[in-house]
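In: coords please:
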Amino acid sequence: MNTTDLIWANGELVPWEDAKVHVLTHALHYGTGVFEGIRAYETDQGPAVFRHREHLDRLEKSARLYYMDVPYSIDELREATHELIARSGLRSCYIRPLVVRGYGPMGLYPLDNPVEVYIAVWEWGAYLGEEGKLNGVSARTSSYRRISADSLIPHAKASGQYLNSVLAKIEASKSGYDEAILLDQRGVVSEGTGENVFVVREGVIATPLEGVEHGPPEAPLHGRVDRRALLLDERLHARVQLLDAALHRHREERQDLLGVLVWTVGVRAARDRGVRAEGSHRGEQLEIAARFRRAVRARRQERIVFA
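Out: Predicted coordinates:
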């Protein structure tokens with residue numbers, strides 16, 4: 001792991017090695033935390049934080065769904081992130097804001113424990129590997145089902161919920177695959193272990209909308225596009241219509257491009273998905289990825305310009 005010098009912890013910049021919590025911190029035992037995964041991309045004007053406010057808005061909503069009031073405003077967290085990136089001297093980086101229930105009374109009832117907030121930034125390469133950018137990633141259908149809204153809150157990005165993804169990821173790796181695609185309780189395609197899933201079908205982007213952890217926001221990668229699947233305009237504005245697609249595994253069209261979107265990484269094509277894959281979508285895959293790369297470096301993103 002590439003470390004930096006500082007971490008933002010509850011309003012203060014502290015040395016990386018001193019950013020510690022008590023062993024009896026509530027979140028360590030019961031998973032009572034929420035987080036985000038954000039990217040800052042290098043541009044000719046300095047680092048550009050992609051969809052920063054939308055990510056932090058989802059962070060605040062996830063915390064609220066788990067009865068945590070974030071003690072800092074979205075603007076304060078944005079400013080703290082900007083300062084941390086600048087002080088760390090990074091041109092591009094991964095950004096991890098984290099809200100947790102801290103040290104206090106032990107037991108399942110969490111509301112008497114303090115809410116703590118941390119932000120870390122560091123250099124992190126392609127999440128699914130550089131080769132995946134060119135050749136796509138291999139993915140299998142997981143034997144684990146995506147958590148149900150009857151049990152937890154799938155659209156919240158909560159720490160404890162990721163045990164579901166951890167098991168699916170381990171299973172995929174031990175089976176020789178890069179990733180896993182989880183089905184929901186109905187047997188319908190839901191998402192990857194840490195990615196949204198979409199299908200390009202006859203020039204239309206289709207994706208599940210129920211029971212998934214929504215991207216911030218979802219719209220830019222969904223809707224009607226031209227036959228070559230050129231789906232992101234240069235400013236990454238959403239001018240498309242969402243399609244709630246019930247993507248049944250046995251109904252996946254073999255001529256469709258199945259892809260995964262990692263908001264902190266980019267677009268990847270998925271292959272070897274447990275059905276016979278016919279035809280080639282390499283051109284579409286590369287074009288979609290290229291559009292995404294241009295979009296995240298567009299002029300409308302937040303920038304931290306170094307002097």
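
In: so where is the stretch 51-200 of the chain shaky, pLDDT-wise?
Out: 127, 129-130, 132-135, 200 (pLDDT under 70).

In: now the host helix or strand of residue 97 - C-alpha only, PDB.
Out: In this assignment (DSSP states H and E), residue 97 forms part of strand 93-101. Extracted in PDB, the C-alpha atoms of strand 93-101 (Å, rounded to 0.1, in the frame of the first residue of the first chain):
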ATOM      1  CA  CYS A  93      -5.300   9.600  -5.700                       C
ATOM      2  CA  TYR A  94      -8.000   7.500  -4.100                       C
ATOM      3  CA  ILE A  95     -10.100   9.200  -1.400                       C
ATOM      4  CA  ARG A  96     -11.700   7.300   1.400                       C
ATOM      5  CA  PRO A  97     -14.000   9.200   3.800                       C
ATOM      6  CA  LEU A  98     -15.200   7.100   6.700                       C
ATOM      7  CA  VAL A  99     -17.900   7.700   9.300                       C
ATOM      8  CA  VAL A 100     -18.000   5.200  12.200                       C
ATOM      9  CA  ARG A 101     -19.500   4.700  15.600                       C
END
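
In: could you look up the next helix or strand downstream of that strand?
Out: Using DSSP H and E, the helix or strand that follows strand 93-101 towards the C-terminus is strand 115-122.

In: quick one on the thing from earlier: just the angle for the strand holding residue 97 relative to strand 115-122, thanks.
Out: Strand 93-101 and strand 115-122 are oriented at 160 degrees to each other (axes from the mean of the first three to the mean of the last three CA atoms, to 10 degrees).

In: partners of strand 93-101 in the sheet?
Out: For strand 93-101, the paired strands and their directions (DSSP bridges) are strand 33-35 (antiparallel), strand 38-41 (antiparallel), strand 115-122 (antiparallel).

In: between the ones you listed, which gets nearest to residue 179?
Out: Residue 179 lies closest to strand 38-41 among these, at 18.6 Å (CB to CB). For every residue, glycine as well, the C-beta is placed using N, CA and C.

In: if we can go back for a sec, and residue 190, which of the strands paired with strand 93-101 is closest to it?
Out: Among those, strand 33-35 comes nearest to residue 190, with 19.5 Å by CB to CB.

In: may I ask which helix or strand encompasses the residue nearest to residue 172 when sequence neighbours are not counted?
Out: In this structure, residue 172 finds its nearest non-sequential neighbour in residue 180, 3.8 Å apart by CB to CB, 6 or more residues apart in numbering. According to DSSP H and E, residue 180 maps onto strand 179-183.

In: hmm, who's touching that strand?
Out: With CB atoms under 8 Å, 6 or more residues apart in numbering as the test, strand 179-183 has contacts from 128, 137-142, 144-146, 164-165, 168-169, 171-172, 189-193, 195, 197, 249, 260, 270, 273.

In: buried subset of these?
Out: Buried subset of the contacts of strand 179-183 (neighbour count, 16 or more other CB atoms under 10 Å): 128, 137-142, 144-146, 164-165, 168-169, 171-172, 189-193, 195, 197, 260, 270, 273.

In: so which of the contacts of strand 179-183 sit within strands?
Out: 137-142, 144-145, 189-192, 197, 260, 270 (DSSP state E).

In: in the sheet, who's paired with the residue nearest to residue 172?
Out: Bridge pairing for residue 180 - DSSP bridges - gives residue 140.

In: any idea how far residue 190 is from it?
Out: To residue 190, residue 180 is 11 Å away according to CB to CB, to the nearest Å.

In: quick one: terminal-to-terminal distance for stretch 10-25?
Out: End-to-end distance of stretch 10-25: 15 Å, with CA to CA, to the nearest Å as the criterion.
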